[in-house]
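Q: sequence plus predicted model, see below.
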Amino acid sequence: MQKSGLASSIILAISITLAGYFVGQTYIAGKKLDRTVVVKGLAEREVQADIATWPLELTVSGNELGQLQKTLEHQTKILQDFFAGLEFTEEELTVGAPTIQDNRALLYGGQNAYNQDRYIAKVDFNLRTTKLDKMSEAMYKVPSIVGQGLVIGSKNTWQPVQYIYTKLNDIKPEMIEEATKNAREAAEKFARDSGSNVGKIKSANQGYFSITDLDQNSGVMKKVRIVSTLEFYIED
């Protein structure tokens, strides 16, 4: 019985020792997995816009509604012919419904209300095209129809023409790859300084893409930018 009890005690002691060893090893492995570094990766591209939009407003005034309508139709036709002459299609030039304002119904001041045309009519036009060179030509030549008596203005005074880049999906994969590569290089620099190595990616946040004008004077050229955040394991 004593020998049996001694054997049991030895087996128990060995079991406790082994259990402690494995627990210790698990703890060490867990601590190793806790060693990470978080870095950011940047990728940028300069691209050219592929769509341009130009919102315009035609204004006509008069005292007789019948004559106002005829003038509005005539000047609308001049504007449409102008853009058609530059090879823009009807699908590219959108014409809105006219709006008419009665100044006598809005103005105060007695006889001052009769010192100007009673009615003001406005029509919105929007030119949307992929022909960026033709858009530049239209902007250069539009004063020629202003000289025919048309009162035309850009609805956006700060930037008359808006340029848009729509092909982000074409460059997105390679930009994400570049941002990830740059992030790993930053992590490797950190690891070398600490005498360690970079392991696998623990987590990754792609971030978001931003598209901005390359400079404030021209919207044709764009800057596409992405900042990704990645967390890497650090190994000895």
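A: Structure received.
Q: tell me the strands beside the lengthiest strand in the chain, with direction?
A: Scanning the chain for the strand with the most residues, using DSSP state E, yields strand 218-235. The strands that strand 218-235 pairs with in its sheet are strand 36-48 (antiparallel), strand 197-205 (antiparallel), strand 209-215 (antiparallel) (by DSSP bridges).
Q: got the buried residues for the second one?
A: Judged by neighbour count (16 or more other CB atoms under 10 Å), strand 197-205 contains these buried residues: 198, 199, 204. Any C-beta I mention is one placed from the backbone N, CA and C, and that applies to glycine too.
Q: do me a favour and average the pLDDT over it.
A: Averaging pLDDT along strand 197-205 yields 90.
Q: what does the longest one give?
A: The average pLDDT for strand 36-48 rounds to 94.
Q: and the next element down the chain from it?
A: Sequence-wise, the next helix or strand downstream of strand 36-48 (DSSP states H and E) is strand 51-62.
Q: neighbouring contacts of that next one?
A: 68, 71-72, 75-76, 79, 116-132, 135, 138-139, 150-156, 160-166 (CB atoms under 8 Å, 6 or more residues apart in numbering).
Q: which of the residues you listed fall in strands?
A: Per DSSP E, the subset of the contacts of strand 51-62 in strands is 119-129, 151-154, 162-164.
Q: which among the contacts of strand 51-62 count as buried?
A: 68, 71-72, 75-76, 79, 118-123, 125, 127-129, 131-132, 135, 138, 150, 152, 161, 163, 165.
Q: below-threshold pLDDT in this protein: ranges please.
A: Flagging of the chain using pLDDT under 70 yields the residue ranges 1-34, 106-115.
Q: please parse it into its domains.
A: 1-34, 36-50+165-236, 52-163 (automatic domain parsing).
Q: between the two ends of the longest one, how far is it?
A: What that stands for is domain 52-163. 4 Å (CA to CA, to the nearest Å).
Q: nearest residue to the middle of the chain?
A: residue 211 (4.2 Å; CA atoms, centre = their mean).
Q: from residue 39, how far off is that one?
A: Distance of residue 211 to residue 39, given as CB to CB, to the nearest Å: 24 Å.
Q: and residue 164, by the same measure?
A: Taken as CB to CB, the span from residue 164 to residue 39 is 33 Å.
Q: same question for residue 230.
A: 6 Å.
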